[in-house]
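**Student:** Mind looking at a prediction? Sequence and model below.
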Amino acid sequence: MALSRPSLRSWLRSPLPFNTKQWLSHEVRDARVAQFFALQSKYEQQCRAETKPIRVNIVNNSSSRRVPSMVTLPETLAKSIKGLSRSNHVACRVNGVLWDPMRPFEEDCDVEYLSIMDHWDDLQDPCWRASAMYLGASLEEVFGDDIIISSTGLAEREGFVCDAYLRPTCAEDVPETIDHSVMERLTEEMRALVRFDTQLHRIETSVTEAMTLFEHNPFKLHQLQKLAVDGTKTIALYRCGKFVDLVQGPLVGSLRKVDTRIQTLETSSLVSTNTPSDLLISAGIEATNPKLRRVTGISFANKKLAGEWKGRYTVALQNKHTNLGPKLGLFTHHPSAPGAPFFLPHGTRMFNRFLELLRCMYMEHDYEEVITPQVFAQSLWETSGHWTHYREDMFQVQPFAPEEPLDEDDESNEHEVMRGLKPMNCPAHCLVFAHEKVSYAQLPLRLAEFSPLHRNEASGALTGLTRVRQFHQDDAHVFCTRDQIKAEVDGCLNLLAAVYSACGCTYRLSLSTRPDKFVGDAEAWQDAEAQLRACLDDHAIQQNFAPESIAINHKDGAFYGPKIDVYLEDRNGKQHQSATIQLDFQLPERFDLSYTDAEATQQRPVIIHRAILGSVERMMALMIESTGGKMPFWLSPRQVAVLSLGQDYVEAAQELTRALKRQGIYAELDSSNTTVSRKVRKAQSLQFNTMIVVGSEEATTGQYAIRFRDAALNTTSSRTNPQSLLHQRLLEDMDAIVGGENHAVKLTQAQLIKNMLTRVPRGIVSGSTA
């Protein structure tokens, strides 16, 4: 069974729902697809030269076939198998691994054909990658050679994306931008490609030949150059109609079964900051950091999945933190400070609740909080390595010119040629560690900091609180001996579990191991990875995780140490990479850090980089979206609304408000001259957790009826002292929500929050969303 290639007539047949005018140029695209066919012929020739008889065992019907290797495609074989030829099996597993149906069998193997209907969980990523190819083909069909596709692939959460540079154009039939009408047109183009059952095709070629293929695309050239530097020799290319791209496989072979459940969703802008200027200029792009357009889309295998997603998507649009945050008076932005949010009083209160929670837990886990400078000399960043590897993402600070000429050889000269605004705290914490001699008896030393950090994010990538230029990280660094690694990582994981439980979030863990290029000796790496694996196994038992749920990302660790990545799942089931626990063997070497061991010799410490929330801003955005603004009581910026029935009871309402504030509960008085029903509706719209109405009886007796936002908590109509009831209710809720099946851990975490109630003036306690 030889590799099949569509006839010239079939691939030239392009489904065009819209009539394309003759002045819409596709010369670059047509030349590229012609080159692809030349490379495909060469690839097929190589495959025929390497062919040999192999046995393929078909799992679906427990049969086997003798076929020639390297020239038999899984999709071609499926057409000859009874029961599969007319089914919706668009993907397969070869020896248990997802496999491109347009990639030939290479050796004896077991093949299982997969139905997109029955294996959606496994096939959604391959389906979305294929959908991104359809979107790329549609963009080129609409914009012709006036568009350059930068990349196609998976969206951050669900669906697929395509990033592209759109040239300024004067052509009559070429849209100037990607607006709503163009998005609808792209959707129709993709659906037309699906209706025509446009197949995807795959070949393998050398990086050098791929560079010739993409000679007019600076973004692809840059990607290929990086692959060449990393030593990659051979890559896979995919074709959809006349669109050719370099994407990560595997992909499904056809989207015919997806049909009309494929669509574009939205478009946004971002900036390409890492493409070399010489490549851009050669492609006729004059901008240093060209602005790209990102088009996102979604596709599903059936109407049920599409309906479920549409419900989630509608709620997500309503709960976007960029809408709810300003509406609830939490934060705002101003053009004079792009990427730096202004936290308003209520947002600042919520921000501080996170810090109070962490500071309370830091006391329990023996962390020391420090404050370090914002601006450091260039020499520090050169020592840490950030000046070489991270300079483009830093804000560089140019000092005022000194009155006298600089002596560049004078190391004591306080006038630095350049300084850097810190993007992370690790170099500063190394200086704190090194400022005095450290004994082994002082280790582990746990340093934490909440100072603002600054990173030069591209302007087009800035989004609300999730992508900002100024942010606050719950950053900490643990300096310890190699023997203490496991105990310290265990402590970090327990702290992580306590914080996420208080926020009502679940999470999953992954371990990234030694990459091909690394620093240090292999034996130390193996020991560190074994300790991290043991920590993860113990944590899985403690938190009732399935051991197989912990992913192992082989060779994906940083070059200076293995790491644990934490993916947080919100109440909507979305995954967010948040916390990181990272071992570092390199930074102690760079800063020449040492401690004195029991035998009075100098030893290198190990650094554990640790962040729980990731950034406070991003965690705030996550909580706003996952709760729809209905914050749990401990985090809520509006805990109690005190509503006076009339002006005669304002004084009593004011006294109650002051009493609640003295108890560490934020209360806000509404004494406006309007009806109580309007006050109640306003409090509900602002998501107050509780409401207390003060009238004649309440002012006389000092007993109040408390109305909770969560109707399930309104179990009594009796009047009571609000301070004692709120405290009792919230502490009971804390016992119910924090922890898992492990009662010892559950009680420990609940006690942390209870302790915070007595220690911290604001008195935060975790509870339900009441």
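**Tutor:** Yes, it's here.
**Student:** and Lys242, how many neighbours?
**Tutor:** 18 (other CB atoms under 10 Å). Every C-beta, even on glycine, is put in place using the N, C-alpha and C of the backbone.
**Student:** Confirm Arg129 sits in a helix?
**Tutor:** Yes. According to DSSP: H, G, I helix; E, B strand; the rest coil, Arg129 belongs to a helix.
**Student:** That one contacts Leu251, doesn't it?
**Tutor:** Yes. With contact defined as CB atoms under 8 Å, Arg129 reaches Leu251; the gap is 4.9 Å.
**Student:** Please say which of these two ends up with more neighbours.
**Tutor:** For Arg129 versus Leu251, neighbours defined as other CB under 10 Å are more numerous around Leu251 (30 against 22).
**Student:** Show the pLDDT at that one.
**Tutor:** As predicted, Leu251 sits at a pLDDT of 93.
**Student:** With Ala132 instead?
**Tutor:** At Ala132, pLDDT is 94.
**Student:** who's in contact with it?
**Tutor:** Counting by CB atoms under 8 Å, 6 or more residues apart in numbering, Ala132 touches Thr152, Gly153, Leu154, Phe160, Val161, Cys162, Val247, Gly297.
**Student:** 7 Å - rerun?
**Tutor:** Thr152, Gly153, Phe160, Val161, Cys162 (CB atoms under 7 Å, 6 or more residues apart in numbering).
**Student:** how much space is there between it and Gly504?
**Tutor:** From Ala132 over to Gly504 the distance is 33 Å, taken as CB to CB, to the nearest Å.
**Student:** just Thr205 next, same as before
**Tutor:** 50 Å.
**Student:** What of Leu123?
**Tutor:** 31 Å.
**Student:** more neighbours, these two?
**Tutor:** Applying other CB under 10 Å to Leu123 and Gly504 shows that Leu123 carries more neighbours, namely 22 against 19.
**Student:** mind listing what that one touches?
**Tutor:** Contacts of Leu123 by CB under 7 Å, 6+ apart are Ala91, Leu114, Ile116, Val252.
**Student:** sorry, back to before: make JSON lines out of the contacts of Ala132 and add pLDDT, neighbour count and distance to Asn494.
**Tutor:** Converted to JSON lines, those look like this (pLDDT from 0 to 100; neighbours: other CB atoms under 10 Å; distance: CB to CB, whole Å):
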{"residue": "Thr152", "pLDDT": "89", "neighbour count": "29", "distance to Asn494": "41"}
{"residue": "Gly153", "pLDDT": "88", "neighbour count": "16", "distance to Asn494": "36"}
{"residue": "Phe160", "pLDDT": "92", "neighbour count": "27", "distance to Asn494": "38"}
{"residue": "Val161", "pLDDT": "92", "neighbour count": "20", "distance to Asn494": "37"}
{"residue": "Cys162", "pLDDT": "93", "neighbour count": "30", "distance to Asn494": "42"}
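**Student:** tell me which of the residues you listed is nearest to Arg195?
**Tutor:** Phe160 (18.8 Å; CB to CB).
**Student:** Quick check, that closest one in contact with Tyr134.
**Tutor:** No. In this structure, Phe160 is not within contact of Tyr134 by CB atoms under 7 Å, at 8.8 Å.
**Student:** Counting by contacts, list what whichever strand or helix holds Asn352 packs against.
**Tutor:** Here Asn352, judged by DSSP states H and E, is contained in helix 345-364. Helices and strands touching helix 345-364, by 3 or more CB pairs under 7 Å, 6 or more residues apart in numbering; DSSP states H and E, are helix 485-503, helix 616-627, helix 743-759.
**Student:** make it 6 Å
**Tutor:** With contacts taken as 3 or more CB pairs under 6 Å, 6 or more residues apart in numbering; DSSP states H and E, helix 345-364 sits against helix 743-759.
**Student:** Give the rounded mean pLDDT of the helix it packs on.
**Tutor:** 42.
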